[in-house]
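[1] Turn this into a model:
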Amino acid sequence: MINDIKVFYALIRPYQGKIWMSAIFGSVGGALTGAGLTNGVERLFSNVFSDDRSLSLNEIMLVAAIFPLLFLVIGVSNFLGAYLLHSAGLAAIRDLRVRVFDRLQQLSFAYFQNKASGDLIARITGDTQMLQITLNYVARKFITQPATIIGALYFLGLKAIQNDGVLEIYLCLAALPIVVFPIRHFSRKLSRKAIKQQEEFGGLTQNIAQNLSAAREVRAFNLEERESTRFRDRAAHLYQSQMKVVKYGFSLPPVIETISSIGLSIAFVIGYYQGVAGGVFTGVFLALYFLYTAVKSLGMFAAELSKGAAALKRVEEILQQPIEVAEDPEAKPFGPAKGDIQFDQVDFSYDSSPAVLQSVNARIPGGSICALVGPSGSGKSTFVNLVPRFFDVANGTISIDGRDLRSMPLKDLRQQIAVVSQDPVLFDDTVMENIRLGRQDATDEEVKAAAKDAFADEFIKSLDNGYNEIVGERGARLSGGQRQRLAIARAFLRSAPILILDEATSALDSESEEKIQQALSKLVIGKTVLIIAHRFSTIVSAQQILVFENGRIIDCGPHEELLERCQLYKSLYQRQL
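    Predicted coordinates:
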């Protein structure tokens, strides 16, 4: 538990000024509860309700006024302590969410290929929300309850000195150490159950995310009932995990209360046989009650800490994930590039999977068009994904203009490259802003010029709001061809020296494809273009064609030469005749 406390304190350390102020106010409230309130009650019963009722009306009114004033001070202190503490806790969780999100931006594609997006969303939202609840509860109890315990012990010690027979009452405190054992037992159980609960929540979130992203397919294949059944099963598993957390979380207080009640009963019996005065015993009994209540709260503190620690563990897994595509701290600025790309004995595999690329050697001269062909899974997309350093090679080197990619700042490297993928992603924003992603400082006129180059201007103007039309999540309000042309316009706007087209014209009709090829013929002047295409009509004019098979480049050259000497290329080409 001590380690968990240290971890939580590390989260809120940047706001320790507020934490210390909160501790001061919380300590005032706790001490006044443990010592001031008990002392006031003791004096009330000793003086006001004694057999000798000799107090004047003014004295009685003064005693009566003390309690509202005392509760006011306690209430204000607790409010200020809680307000400052929540302010620090919310800020700490905000910072943690930003740290996790920033970390995700630094991780390579390989990480996301092995992780469900819904689970990652759950960690950033659900787990951090659990942390926020834990942080607020735990910190508040950790500040106020020790002060209550100290205040109560101070009052009890004072009464033991002033009154005979009181000291024997404190034999009931022997029950306190027993509380430690159920706290440890339930906290360990709760931690494991809480981790399982958060994992189930991540699975439920993933189910939702997957269903929403596949809304069209679900309806096209009549999968509504199947998806509902899967979601009900997920929800049921989450419910079962949550109930186990509830079971262990709420089993602890009755155990502590039972032990506490035994201690208080012992105190009652001892106080009676010791003949302690009623007023004094009332104050002592109340102090013992506050003491046991504070101990119970600290027991719940341990239980909440276990749940928060489980959530924090899942968040920390992201923060501690190593950055596979790391930037050299001594990397020197790079650019603008001429675009000469060199692969030298490159090997690559995804994690422990078989090699996707093996001993790949290739040189793409700057300003040339290079096409990549081969069967599916032969390594074409992996080849182009290595150029922007989405992944790092296992062996060998990749260089641009003679410089190893790993010696360049990632931002400088990727600034030299524009990518248009087979399935372009558009954000839920305007047409204008989606194109502007290619170069964020571009003017509206430059954006429109890029759209014209991609033959997208005409259909954009036909939209209700033109360039200010919201395209929907992933461009759902546009057709496939329209989305593709916006993505191509984005790449044109970037005007990078290296252009990667991964089936970039696959969603276009013949007329649009012809126009795009005409535009490309103008844009490739002085640029290096890598094209992946299964339709040979888009690549026959390339100066160089790389033929892939089983992760190797088995031949390269222009179209006519490959038809004569490369059997695989000839076979792939003839299939489309």
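[2] Assumed D555 was part of a helix.
    No - counting by DSSP: H, G, I helix; E, B strand; the rest coil, one finds D555 to be strand, located in no helix.
[3] any idea how far it is from S571?
    In this view, D555 and S571 are 12 Å apart by CB to CB, to the nearest Å. The C-beta positions use only the backbone N, C-alpha and C, and glycine is treated the same way.
[4] When the two are compared, which one has more neighbours?
    Legend: neighbour count by other CB atoms under 10 Å for D555 and S571, higher for D555 (16 against 10).
[5] Q567 is in contact with the more buried one, correct?
    No - counting by CB atoms under 8 Å, Q567 is not a contact partner of D555; they are 9.3 Å apart.
[6] And Q105, how close does it get to Y111?
    11 Å.
[7] Neighbour count: these two, which is higher?
    Under the criterion of other CB under 10 Å, the comparison of Q105 against Y111 puts Y111 first, with 18 against 6.
[8] confidence score at that one?
    Here the pLDDT value assigned to Y111 is 80.
[9] E324 is in contact with that one, correct?
    Yes - the pair Y111 / E324 is scored as a contact, 7.3 Å apart, by CB under 8 Å.
[10] Mind listing what's buried along stretch 122-130?
    Buried residues in stretch 122-130, counted by 16 or more other CB atoms under 10 Å: A122, R123, I124, G126, D127, T128, M130.
[11] Could you work out the most separated pair of those residues?
    I124 and M130 (11.8 Å; CB to CB).
[12] for the most centrally placed residue in the chain, what are its contacts?
    By CA atoms, centre = their mean, the chain has its centre lying nearest to I124, at 2.5 Å. Counting by CB atoms under 8 Å, 6 or more residues apart in numbering, I124 touches R97, V100, F101, V315.
[13] One more pass at 7 Å, please.
    Going by CB atoms under 7 Å, 6 or more residues apart in numbering, I124 touches R97, V100, F101.
[14] Checking my notes, the second one in a strand, right?
    No - under three-state DSSP, V100 sits outside any strand and is assigned helix.
[15] Take the buried residues of stretch 122-130 and write them to TSV, including secondary structure and distance to A418.
    Shown next, in TSV, are these (DSSP: H, G, I helix; E, B strand; the rest coil; distance: CB to CB, whole Å):
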residue	secondary structure	distance to A418
A122	helix	34
R123	helix	32
I124	helix	30
G126	helix	37
D127	helix	36
T128	helix	35
M130	helix	41
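[16] In CSV, list those residues along with pLDDT.
    Formatted as CSV, the buried residues of stretch 122-130 follow (pLDDT from 0 to 100):
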residue, pLDDT
A122, 84
R123, 86
I124, 85
G126, 81
D127, 84
T128, 85
M130, 81
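[17] ok, these vs I460, which is closest?
    Closest to I460, out of all of these and judged by CB to CB, is I124, at 34.1 Å.
[18] Roughly how far does the closest one sit from L90?
    15 Å.
[19] Report the buried members of the contacts of I124.
    Neighbour counting with 16+ other CB under 10 Å marks R97, V100 as buried within the contacts of I124.
[20] Now do the contacts for R439.
    The contact partners of R439, by CB under 7 Å, 6+ apart, come to L493, R494.
[21] Mind checking what secondary structure it has?
    Under three-state DSSP, R439 comes out as coil.
[22] Now do it against F492, distance only.
    With distances taken as CB to CB, R439 is found 10 Å from F492.
[23] same question, P68
    Using CB to CB, P68 is found at 74 Å from F492.
[24] got it, and Y154?
    Distance of Y154 to F492, computed by CB to CB: 76 Å.
[25] try Q576
    Q576 sits 27 Å away from F492, taking CB to CB as the criterion.
[26] With K244 instead?
    Taking CB to CB, one finds K244 at 56 Å from F492.
[27] helices and strands of the protein: which one bottoms out on pLDDT?
    Lowest on mean pLDDT, DSSP states H and E among the helices and strands of the chain sits helix 166-169, with a mean of 58.
[28] How far does the helix or strand hosting I93 sit from its chain's centre?
    Here I93, judged by DSSP states H and E, is contained in helix 57-106. Here the centre of helix 57-106 is set off from its chain's centre by 27 Å, with CA atoms, centre = their mean, to the nearest Å.
[29] One more: stretch 474-487?
    29 Å.
[30] Equivalent analysis for stretch 314-322, please.
    Distance of stretch 314-322 from the chain centroid (CA atoms, centre = their mean) equals 9 Å.
[31] One more: stretch 313-325?
    Centroid separation between stretch 313-325 and its chain, computed with CA atoms, centre = their mean, is 10 Å.
[32] Identify each buried residue in it, please.
    Using 16+ other CB under 10 Å as the test for burial, stretch 313-325 gives K313, R314, V315, E316, I318, V325.
[33] ok so, going back, quick check: next helix or strand after the helix holding I93?
    Remark: after helix 57-106, the chain's next helix or strand is helix 109-113, criterion DSSP H and E.
[34] Can you list the buried residues in that following helix?
    Under the neighbour-count criterion of 16+ other CB under 10 Å, helix 109-113 has Y111 buried.
[35] How far off centre is it?
    Distance of helix 109-113 from its chain centroid, counting by CA atoms, centre = their mean, is 15 Å.
[36] what's that helix in contact with?
    Q321, E324, Y350, D351, F390, F391.
[37] Stretch 195-215 now?
    Residues from elsewhere that reach stretch 195-215 (CB under 7 Å, 6+ apart): 116-119, 121-123, 126-127, 130, 218, 227, 230-231, 234-235, 237-238, 241-242, 245, 310-311, 313-314.
[38] Give me the buried entries from the residues you listed.
    For those, a burial check counting by 16+ other CB under 10 Å picks out 116, 118-119, 122-123, 126-127, 130, 218, 234, 237-238, 241-242, 245, 310-311, 313-314.
[39] quick one: pLDDT of the nearest residue to F348 once chain neighbours are set aside?
    With sequence-adjacent residues excluded and distances taken as CB to CB, 6 or more residues apart in numbering, F348 is closest to L357, at 4.3 Å. The model reports L357 with a pLDDT of 94.
[40] State the number of residues packed around L357.
    Every residue meeting other CB under 10 Å relative to L357 is counted, giving 25.
[41] Name all residues that make contact with it.
    Counting by CB under 7 Å, 6+ apart, L357 touches V346, D347, F348, G379, T382, F383, G551.
[42] Mind doing that once more with 6 Å?
    Residues near L357 by CB atoms under 6 Å, 6 or more residues apart in numbering: V346, F348, G379, T382, G551.
[43] From Q206, how far off is the last one?
    The reference is to G551. Separation of G551 from Q206 (CB to CB): 31 Å.
[44] Please work out the average pLDDT along the helix or strand harbouring H185.
    Element membership for H185 (DSSP H and E) is helix 180-213. Averaging pLDDT along helix 180-213 yields 79.
[45] After it, which helix or strand is next?
    By DSSP H and E, the next helix or strand past helix 180-213 is helix 215-220.
[46] Okay, buried residues for that next one please.
    V218.
[47] What of stretch 531-544?
    For stretch 531-544, the neighbour count (16+ other CB under 10 Å) marks I531, I532, A533, H534, F536, T538, I539, A542, Q543, Q544 as buried.
[48] wait, doesn't the second one sit right on K380?
    Yes - in this structure, I532 sits in contact with K380. The criterion is CB atoms under 6 Å, and the distance is 5.0 Å.
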